[in-house]
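S.K.: my questions concern the predicted model and sequence given below.
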Amino acid sequence: MNTNIFTKILFSFPIILVLLYFLPFLGICLIIVRLFIYEYKKNLFIPIFLISIGLLILIFNKIYSLLDSITFIKEFKTISDNLNLIKFGTFILYLGVILSIIIICLKELFEKITSLIKTYIEKTENLNEKVAKENDMEIKLKQNKAKNSHVVHCPHCGASNILTEKTGTCVYCRRELE
């Protein structure tokens, strides 16, 4: 889908991550809108990206907690504690997992719905084709009847009768006609 530069910037991953940190509801709304704007291949990238970022934050935080002896790492640990990076990392990880489940379920649901619609359309087309063939046969039979029919006046009651064969019965007096 062709989008302008503003929407590309607005729905970019850095903007979404910043909004997920400061305003989680708005970040989730941007993710949902991004799911509808971009194709399926890019939609599946969103939860994979969120899961990987969440795992990276949690893994780096565990590594830094194991290496407590280095002073630089202690300063980073206090910064990460102040920023609540563990909470943010778990939030992003959970969000990525939930989004991947939702996307996969919606994909399966849409595939089932489209297959049901396709089978319904095929059945309807086949039925319409069958009915059209039957109607064509009936019309041809009626046309043949009309070609072979002729008007015969009954000699007994004088009524006009339409016969398709050489012999028949009068509609009014039920006597044989030739």
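M.R.: Yep, that arrived. For clarity, every value in this text was computed on a predicted model and none was experimentally measured.
S.K.: next up, the contacts around residue 92.
M.R.: Shown in contact with residue 92 (C-beta atoms under 8 Å, 6 or more residues apart in numbering): 17, 20, 50, 51, 53, 54, 57. Every C-beta, even on glycine, is put in place using the N, C-alpha and C of the backbone.
S.K.: secondary structure element holding the residue most central in space within the chain?
M.R.: The centre of the chain sits closest to residue 110, judged by C-alpha atoms, centre = their mean, with a distance of 3.6 Å. Secondary structure from DSSP states H and E places residue 110 in helix 85-148.
S.K.: buried ones in whichever helix or strand comes after that helix, by neighbour count?
M.R.: Sequence-wise, the next helix or strand downstream of helix 85-148 (DSSP H and E) is strand 150-153. For strand 150-153, burial by neighbour count (16 or more other C-beta atoms under 10 Å) applies to residue 152.
S.K.: repeat for stretch 149-165
M.R.: If you call a residue buried by 16+ other C-beta under 10 Å, then stretch 149-165 has these buried ones: 152, 154, 161, 163.
S.K.: again with stretch 133-151
M.R.: For stretch 133-151, the neighbour count (16+ other C-beta under 10 Å) marks no residue as buried.
S.K.: and that stretch, C-alpha only, in CSV?
M.R.: Presented in CSV, the C-alpha positions along stretch 133-151 are these (Å, rounded to 0.1, in the frame of the first residue of the first chain):
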residue,chain,number,x,y,z
LYS,A,133,-29.6,-25.4,-19.0
GLU,A,134,-33.0,-26.7,-17.8
ASN,A,135,-34.7,-23.5,-18.7
ASP,A,136,-33.1,-23.6,-22.2
MET,A,137,-34.3,-27.1,-22.7
GLU,A,138,-37.8,-26.2,-21.6
ILE,A,139,-37.8,-23.2,-24.0
LYS,A,140,-36.6,-25.3,-26.9
LEU,A,141,-39.3,-27.9,-26.2
LYS,A,142,-41.9,-25.1,-26.1
GLN,A,143,-40.6,-23.6,-29.3
ASN,A,144,-40.7,-27.1,-31.0
LYS,A,145,-44.3,-27.5,-29.7
ALA,A,146,-45.2,-24.1,-31.1
LYS,A,147,-43.7,-24.9,-34.5
ASN,A,148,-45.6,-28.2,-34.7
SER,A,149,-48.9,-26.9,-33.3
HIS,A,150,-52.0,-26.0,-35.3
VAL,A,151,-55.5,-24.9,-34.7
